[in-house]
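Student: 3D model of this:
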Amino acid sequence: MSANDLSLRSAIHELYCDHHSWLQRWLRKRLGNAFDAADLTQDTFVRVIKARNALEIREPRPYLSMIAKGLLIDLFRRRSLEQSYLEALAATPEGEQPSLEEQAILLQALIEIDRMLQGLGPRVKQAFILSQFEGLTYPQIAERLGISARTVNNYMAKAMEHCCLMQIKLQLT
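Tutor: The predicted structure follows:
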């Protein structure tokens, strides 16, 4: 093991020992749940480990809270999506509901799609969803959104580029 690897491990260990309890309390206040706080605390430190930048962190608490806030947003977004999915599922007639396995696969797919679309502007996202999930043509989307077909084309190009870049990013992590 190189000296740099040892230094990095030492920095991560020190960061964890010095700030783990503080971060978990900070998250517990925001979540009102010790179990979720513990999970997000661990996820925060996993992100630090993956980033391999512990030696460069000068202000640990603002840095850790910034990562944790992002994880909180992801958690709330995922829970909101799960709740919407469960409501849609409850409104589905009994004989048409997917099996439990299919439900789990569908929910995971929704979460992945949401993650892929994260960061798109609302109009671009809406055009993409109308195209990909409702099967509308570009002229139909233009009419529905009150924009030109050329703008729809630009939105779709932007959405496709974004999705490709997100896919690459997800594969690298």
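
Student: Tell me which other helices or strands the helix or strand where residue 87 lies touches.
Tutor: Assigned by DSSP states H and E, residue 87 belongs to helix 60-90. Counting contacts by 3 or more CB pairs under 8 Å, 6 or more residues apart in numbering; DSSP states H and E, the secondary-structure elements packed against helix 60-90 are helix 3-31, helix 34-51, helix 100-117. (C-beta placed from N, C-alpha, C; glycine too.)

Student: Pull out the buried positions in that helix.
Tutor: Applying a neighbour-count criterion of 16 or more other CB atoms under 10 Å, one finds 60, 63, 64, 65, 67, 68, 71, 72, 74, 75, 81 buried in helix 60-90.

Student: go on, stretch 127-143?
Tutor: Residues of stretch 127-143 classed as buried by neighbour count (16+ other CB under 10 Å): 127, 128, 129, 130, 131, 136, 138, 141, 142.

Student: Now, those that are in helices?
Tutor: Mapping those onto helices (DSSP state H) picks out 127, 128, 129, 130, 131, 138, 141, 142.

Student: I'd like to know how far residue 112 sits from residue 58.
Tutor: 35 Å (CB to CB, to the nearest Å).

Student: the more surrounded of these two?
Tutor: The residue with more neighbours, out of residue 112 and residue 58, is residue 112; 13 against 6, by other CB atoms under 10 Å.

Student: Just send the helices and strands packed on helix 60-90 back as JSON lines, with distance to residue 90 and mean pLDDT too.
Tutor: Converted to JSON lines, the helices and strands packed on helix 60-90 look like this (distance: least, CB to CB, whole Å; pLDDT from 0 to 100):
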{"stretch": "helix 3-31", "distance to residue 90": "26", "mean pLDDT": "93"}
{"stretch": "helix 34-51", "distance to residue 90": "24", "mean pLDDT": "95"}
{"stretch": "helix 100-117", "distance to residue 90": "12", "mean pLDDT": "87"}
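
Student: Can you say which of those helices is nearest to residue 150?
Tutor: Set against residue 150 and scored by CB to CB, these come closest in helix 100-117, at 21.9 Å.
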